[in-house]
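> Sequence and predicted model, in that order:
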Amino acid sequence: MTPVNLAQKLAQFSTHWDPHVIADYNGNDVMVVKFQGEFPYHVHPDTDDFFLVLEGEMAMDLEGASHTVKAGELFIVPKGVTHRPRAEHECKVLLIEPKGEPNTGDPATAAAKPRI
């Protein structure tokens, strides 16, 4: 049981759309990730998707709507809703997902989630 410094964890990598696990929480992975550009539209049929913007600004595109999410704000995509995060400039985000949940909703196209 030690504090996790989010800035230190985010400084350990420079890639985008590459989530890194920083903690475990009730069977979930707590991750940090950097967004820039557009992620593909995808869906998680069995779980909600949690996004907390730490720095910068992102857009969450849904079918028929788009929402701006700024630093200090969170956005939860309900399970079964097709969505796409995107960011014009680099955005730093904290994610929470069940362990093993592919970030694309599809294990064949998902990024690895290294622990840092």
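Looks like it arrived, so ask away.

> low-scoring pLDDT stretches of the chain, where are they?
Within the chain, no range satisfies pLDDT under 70.

> how does it look with 90?
1, 63-64, 100-114 (pLDDT under 90).

> which residue sits closest to the spatially most central residue of it in space, ignoring its chain neighbours?
Residue closest to the average C-alpha location in the chain (C-alpha atoms, centre = their mean): residue 95, at 4.2 Å. In space, residue 95 comes closest to residue 31 once its chain neighbours are excluded; the distance is 4.4 Å by C-beta to C-beta, 6 or more residues apart in numbering. For the C-beta atoms, the positions are set from N, CA and C on the backbone; glycine is no exception.

> Now do the helices in the protein.
With helices called from DSSP state H, the chain shows them at 6-10.

> What segments of it are strands?
Assigned strands in the chain, in chain order: 20-25, 28-38, 49-55, 57-62, 65-70, 74-77, 83-98 (criterion: DSSP state E).

> can you list these in TSV and add distance to residue 2?
TSV is the format used below for the strands of the chain (distance: least, C-beta to C-beta, whole Å):
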stretch	distance to residue 2
strand 20-25	10
strand 28-38	14
strand 49-55	19
strand 57-62	29
strand 65-70	29
strand 74-77	24
strand 83-98	17
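
> ok, residues contacting stretch 2-20?
22-23, 29, 31-37, 39, 54, 90, 92, 94-95, 103, 111, 113-116 (C-beta atoms under 8 Å, 6 or more residues apart in numbering).

> make it 10 Å
Stretch 2-20 is contacted by residues 21-23, 29-40, 52, 54-55, 85, 87, 90-95, 97, 103-104, 110-116 when judged by C-beta atoms under 10 Å, 6 or more residues apart in numbering.

> Now that stretch - C-alpha only, PDB.
Provided in PDB are the C-alpha atoms of stretch 2-20 (Å, rounded to 0.1, in the frame of the first residue of the first chain):
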ATOM      1  CA  THR A   2       1.800   3.000  -1.300                       C
ATOM      2  CA  PRO A   3       0.700   6.200  -3.100                       C
ATOM      3  CA  VAL A   4       0.700   6.100  -6.900                       C
ATOM      4  CA  ASN A   5       2.000   9.300  -8.500                       C
ATOM      5  CA  LEU A   6       0.100   9.700 -11.800                       C
ATOM      6  CA  ALA A   7       2.600  12.200 -13.300                       C
ATOM      7  CA  GLN A   8       5.500   9.900 -12.600                       C
ATOM      8  CA  LYS A   9       3.700   7.000 -14.200                       C
ATOM      9  CA  LEU A  10       2.700   9.100 -17.300                       C
ATOM     10  CA  ALA A  11       6.300  10.200 -17.700                       C
ATOM     11  CA  GLN A  12       7.400   6.600 -18.200                       C
ATOM     12  CA  PHE A  13       6.100   6.400 -21.700                       C
ATOM     13  CA  SER A  14       5.400   8.600 -24.800                       C
ATOM     14  CA  THR A  15       3.200   6.500 -26.900                       C
ATOM     15  CA  HIS A  16      -0.500   7.200 -27.600                       C
ATOM     16  CA  TRP A  17      -3.400   4.800 -27.200                       C
ATOM     17  CA  ASP A  18      -1.200   2.500 -25.200                       C
ATOM     18  CA  PRO A  19      -2.800   2.000 -21.700                       C
ATOM     19  CA  HIS A  20      -0.500   1.100 -18.800                       C
END
